[in-house]
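K.L.:
For reference, the sequence and a predicted model appear below.
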Amino acid sequence: MNQELVERFEKLLLETKRPGIEALLEFIRKSDFYAAPASTRFHGSYEGGLLEHSLNVYDCLANKWELDSGAWHEHLEKVKEESIAISALLHDICKTYYYTTEMRNKKDESGVWVQVPFYTVDDRIPYGHGEKSVMMIEEYIKLLPAERYAIRWHMGSYEPKELWNTLGTAMEKYPLVLALHEADMEATYLLEKEK
């Protein structure tokens, strides 16, 4: 576990001063959040990948929020700094207690079969993705509407196509939805490499 990343993550959340944030952080500390991967085989599929990904998304979203000009300035200028931190850092909290490690056979560099660990999904709370994150967060803190929608819809066009009209409406109503989705994609495809 990278203690420096843990300290940065916790500092950013504590700075929001949101009632209940200490209790949420206590849950996170006792969970596998800091050690969990961000995915089974794509971005962040290594120990600590979820924490690293969450901070990368925060950095990408904060960069959009801090712009003094351009399209994002107009659409995010009314969003509070605490909303940037909460939305980005907690968007994937649904991946807490979500992955497990199993073993499989794989040839090593000399062609000999060996057993190696790999991540697999063990979804103990099958409640969706974004909606599960919202549910888990709101057991501890109250989300603002823009935060709730941004976290719920952060998967963007990866949602089933039958939901795209609803997604579009959410993006129009709360531009933070689109900003968080873009930040998530930027972190995943531009900043993160498989280790």
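P.N.:
Structure's in. What do you need? Numbering: from 1, shown residues only.

K.L.:
Every contact and neighbour count from this point should use C-alpha atoms.
P.N.:
OK.

K.L.:
Need the per-residue pLDDT for Lys195.
P.N.:
Note on Lys195: pLDDT of 47.

K.L.:
Same check on Met103?
P.N.:
89.

K.L.:
bridging residues for it?
P.N.:
Per DSSP bridges, the residues bridged to Met103 are Pro117.

K.L.:
thinking it is in contact with Val114, fair?
P.N.:
No - taking contacts as C-alpha atoms under 8 Å, Met103 lies outside contact range of Val114: 9.7 Å.

K.L.:
these two touch, right, Ser45 and Ala38?
P.N.:
Yes - contact criterion C-alpha under 8 Å: Ser45 and Ala38 qualify, at 5.7 Å.

K.L.:
Those two: which is more packed in?
P.N.:
Ala38 (26 against 19; other C-alpha atoms under 10 Å).

K.L.:
For the most centrally placed residue in the chain, which residues are in contact?
P.N.:
Central residue of the chain (C-alpha atoms, centre = their mean): Asp92, 3.2 Å from the mean position. With contacts defined as C-alpha atoms under 8 Å, 6 or more residues apart in numbering, Asp92 is in contact with Leu50, Ser54, His129, Gly130, Ser133.

K.L.:
Find me the pLDDT at it, would you?
P.N.:
Confidence score, pLDDT, at Asp92: 97.

K.L.:
From Gly168, how far out is it?
P.N.:
21 Å (C-alpha to C-alpha, to the nearest Å).

K.L.:
same question, Ala35
P.N.:
In terms of C-alpha to C-alpha, Ala35 sits 34 Å off from Gly168.

K.L.:
can you check Leu51 too?
P.N.:
Where Gly168 is concerned, Leu51 sits at a distance of 29 Å (C-alpha to C-alpha).

K.L.:
Can I get the lengthiest helix in the chain in PDB, CA atoms only?
P.N.:
If you go by DSSP state H, the chain has its longest helix at helix 49-66. C-alpha atoms of helix 49-66 as PDB (Å, rounded to 0.1, in the frame of the first residue of the first chain):
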ATOM      1  CA  GLY A  49      -4.800   0.400  -8.600                       C
ATOM      2  CA  LEU A  50      -8.200   1.600  -7.400                       C
ATOM      3  CA  LEU A  51      -6.600   4.200  -5.100                       C
ATOM      4  CA  GLU A  52      -4.200   5.400  -7.800                       C
ATOM      5  CA  HIS A  53      -7.100   5.600 -10.400                       C
ATOM      6  CA  SER A  54      -9.300   7.600  -8.000                       C
ATOM      7  CA  LEU A  55      -6.500  10.100  -7.500                       C
ATOM      8  CA  ASN A  56      -5.800  10.300 -11.200                       C
ATOM      9  CA  VAL A  57      -9.500  11.000 -11.900                       C
ATOM     10  CA  TYR A  58      -9.400  13.700  -9.300                       C
ATOM     11  CA  ASP A  59      -6.300  15.300 -10.900                       C
ATOM     12  CA  CYS A  60      -8.000  15.300 -14.300                       C
ATOM     13  CA  LEU A  61     -11.300  16.700 -13.000                       C
ATOM     14  CA  ALA A  62      -9.600  19.300 -10.900                       C
ATOM     15  CA  ASN A  63      -7.700  20.500 -14.000                       C
ATOM     16  CA  LYS A  64     -11.000  21.000 -15.800                       C
ATOM     17  CA  TRP A  65     -12.500  22.800 -12.800                       C
ATOM     18  CA  GLU A  66      -9.400  25.200 -12.400                       C
END
